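In: One predicted model, sequence on top.
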Amino acid sequence: MNKIKCLVTAGPTREYFDPVRFISNPSSGKTGWHIAAAARNIGWDVSMVIGPSQLPKLDGVQTFPVTSAQEMLEACRPIFRQSHILIMSAAVSDVRPKYPLPQKAKKADIDLHPELERTPDILKILSSEKENQILVGFAAETENVIESAKKKLADKNLDCIVANAVGIENCGFASDYNKIDMILKRGEIVDFKAARKDVLARRLVDFLAARFFA
Ligand code: CTP
């Protein structure tokens with residue numbers, strides 16, 4: 001078989017009110033970064049679209065830095081078309097200011113009730129455009145983790161979803177550790193156990209390689 005082409009998204013997105021103020025979340029990008037490294041290490045051809053993050057460049061991974069959800073969608077689209085698998089681990093902001101300002105607003109002029117609008121659901125859009133790609137989603141949940149993840153799996157028409165319990169102390173956002181369960185389309189659940197994010201990334205990529213490309 002030819003080299004597996006893999007698109008990984010990582011990190012948060014930023015949705016700016018004005019040049020110095022934005023909506024975002026505490027994602028560090030580590031989960032996606034480690035997944036990209038693990039996929040590269042098993043010989044896959046990896047592209048990574050990553051939101052603002054402090055992580056170092058990954059040798060051997062084509063990296064596309066972006067800022068907003070809209071930019072992430074636009075960067076992903078052409079790469080997705082050429083990919084065998086998408087691993088959507090980015091923590092995309094769900095909303096953005098409807099009327100961002102080109103200049104910094106003075107404190108006295110800040111709109112205290114700014115109008116927001118939803119950002120594009122990147123995974124749902126790519127899913128609707130998919131041909132034969134395998135789609136792997138993430139579900140960051142603080143409660144009803146498995147049930148909510150199952151709903152997203154069905155709603156976004158995914159092959160599998162990584163349920164990520166972000167409510168546990170020292171796990172999830174910005175931590176080096178995580179606890180994940182993999183849920184497959186037909187209902188099978190694989191417990192990856194809590195571990196360091198680099199260890200989990202290897203387990204995840206090995207699992208995907210064995211399940212979808214063996
Ligand atoms: N996602 C996306 N585009 C968005 C929001 C989320 O592509 N605008 C992707 C995430 O990268 C993840 C999956 O959709 O792979 C689920 O994201 P999550 O934030 O857990 O769920 P939401 O779809 O945003 O739903 P909710 O906030 O209601 O839990």
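Out: Structure's in. What do you need? Because the structure is a prediction, the values reported are computed rather than measured. Numbers count the residues shown, from 1 in each chain.
In: going forward, measure contacts and count neighbours with C-alpha atoms only.
Out: Fine.
In: so residue 46 makes contact with residue 35?
Out: No: taking contacts as Cα atoms under 8 Å, residue 46 lies outside contact range of residue 35: 9.7 Å.
In: Can you classify residue 49 by secondary structure?
Out: When classified by DSSP: H, G, I helix; E, B strand; the rest coil, residue 49 comes out as strand.
In: Next: residue 163.
Out: strand.
In: gap between it and residue 18?
Out: 34 Å (Cα to Cα, to the nearest Å).
In: One more: residue 130?
Out: Residue 130 sits at a distance of 35 Å from residue 18 (criterion: Cα to Cα).
In: Could you check which of those two is surrounded by more residues?
Out: residue 18 (16 against 13; other Cα atoms under 10 Å).
In: near the ligand, which residues of the protein show up?
Out: Residues of the chain lying near the ligand by Cα under 6 Å from any ligand atom: 88-94, 119-123, 137-140.
In: Quick one, which of those are buried?
Out: 88-94, 119-123, 137-140 (16 or more other Cα atoms under 10 Å).
In: Which of the residues of the chain next to the ligand fall within strands?
Out: Among the residues of the chain next to the ligand, the members found in strands (DSSP state E) are 88, 137, 138, 139, 140.
In: Can you tell me which of these lies closest to residue 27?
Out: residue 140 (10.7 Å; Cα to Cα).
In: That closest one touches residue 166, doesn't it?
Out: Yes: if you go by Cα under 8 Å, residue 140 and residue 166 touch, sitting 6.0 Å apart.
In: returning to what we had before: of residue 46 and residue 35, who's got more company?
Out: Higher neighbour count among residue 46 and residue 35: residue 35, with 27 against 24, using other Cα under 10 Å.
In: quick one, phi psi at the more buried one?
Out: phi -70, psi -40 (degrees, to the nearest 10).
In: got the contact list for it?
Out: 8, 198, 201, 202, 204, 205 (Cα atoms under 8 Å, 6 or more residues apart in numbering).
In: try 6 Å
Out: residue 201 (Cα atoms under 6 Å, 6 or more residues apart in numbering).
In: which of the residues in the helix ranked longest in the chain are buried?
Out: Longest helix of the chain, by residue count under DSSP state H: helix 197-212. Using 16+ other Cα under 10 Å as the test for burial, helix 197-212 gives 197, 198, 199, 200, 201, 202, 203, 204, 205, 208.
In: a markdown table for the residues you listed, including pLDDT?
Out: Shown next, in a markdown table, are the buried residues of helix 197-212 (pLDDT from 0 to 100):
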| residue | pLDDT |
| --- | --- |
| 197 | 91 |
| 198 | 95 |
| 199 | 96 |
| 200 | 95 |
| 201 | 96 |
| 202 | 97 |
| 203 | 96 |
| 204 | 97 |
| 205 | 98 |
| 208 | 98 |
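In: Thanks a lot, catch you later.
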